[in-house]
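Chemist: Fold the following, please.
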Amino acid sequence: MSLLTKVLFYPTLGYNVLMTYVSSRRWYDRIDETVLLGALPLRSWNKILVEEENVRGIVSLTEDFETEGITNSTEEWKSLGVEQLKLPTPDFIASPSPEFIEKGVAFILKYRRQQNSVYVHCKAGRTRSATIVACYLMKASKLVQVVQHI
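Modeler: Presented below is the predicted three-dimensional model:
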């Protein structure tokens, strides 16, 4: 983890929260029948994600310091019937590795076969997580449709 990433975390998280209140930006979006792409799954979203959106899998592209005390731990997700896949990828300076992309897409496809939903997130839901979702869409759909969804 870089010092820059850690220093910028809370100001940029605050900006993301503010933008959901003062703009048309949403905290998360349903991409297809399986995938929800979004920002950190704050605890206040648990009931909606699990009960209304049928989320049974979480793909987290955050580093541990980005989620501590803000989102559920792996054990807390498990107690809600949700499996979490952690693919720690630094913010601002990195994209998911090819290995992480393969793992993330396979995880999503597993839940797609079960007709359940997966919430894919990073801090803001716009870069690291969007990379995984774009790769999933390329695998599961026609390439032309990917741009329309993202």
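
Chemist: Name the SS class of residue 59, please.
Modeler: Each residue gets one of three states, and residue 59 gets strand by DSSP: H, G, I helix; E, B strand; the rest coil.

Chemist: likewise residue 26?
Modeler: In three-state terms, and counting by three-state DSSP, residue 26 is coil.

Chemist: any idea how far residue 29 is from the closest residue in space to it that isn't next to it in sequence?
Modeler: Of all residues not flanking residue 26 in the chain, residue 20 sits nearest, at 6.7 Å (Cβ to Cβ, 6 or more residues apart in numbering). All C-beta atoms are positioned from the backbone trio N, CA, C, and that covers glycine. Distance from residue 20 to residue 29, counting by Cβ to Cβ, to the nearest Å: 12 Å.

Chemist: and what of residue 85?
Modeler: Remark: distance between residue 85 and residue 29 (Cβ to Cβ) = 20 Å.

Chemist: These two - which one has more neighbours?
Modeler: Between residue 85 and residue 29, residue 85 has the larger neighbour count (other Cβ atoms under 10 Å), namely 20 against 14.

Chemist: was I right about that one contacting residue 107?
Modeler: Yes: using Cβ atoms under 8 Å, residue 85 makes contact with residue 107 at a distance of 4.8 Å.

Chemist: what touches both of these two?
Modeler: Contact with both residue 85 and residue 107 is made by residues 57, 59, according to Cβ atoms under 8 Å, 6 or more residues apart in numbering.

Chemist: How about exporting the host helix or strand of residue 112 as CSV, limited to the C-alpha atoms?
Modeler: Per DSSP states H and E, residue 112 falls inside helix 98-113. Provided in CSV are the C-alpha atoms of helix 98-113 (Å, rounded to 0.1, in the frame of the first residue of the first chain):
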residue,chain,number,x,y,z
PRO,A,98,-4.7,-11.2,-14.8
GLU,A,99,-4.8,-13.8,-12.0
PHE,A,100,-7.3,-11.7,-10.0
ILE,A,101,-9.4,-11.1,-13.1
GLU,A,102,-9.6,-14.8,-13.7
LYS,A,103,-10.6,-15.5,-10.1
GLY,A,104,-13.1,-12.7,-10.0
VAL,A,105,-14.8,-13.7,-13.2
ALA,A,106,-14.9,-17.4,-12.2
PHE,A,107,-16.5,-16.4,-8.9
ILE,A,108,-19.2,-14.3,-10.6
LEU,A,109,-19.9,-17.1,-13.1
LYS,A,110,-20.4,-19.5,-10.2
TYR,A,111,-23.1,-17.4,-8.7
ARG,A,112,-24.6,-16.7,-12.0
ARG,A,113,-25.1,-20.5,-12.5
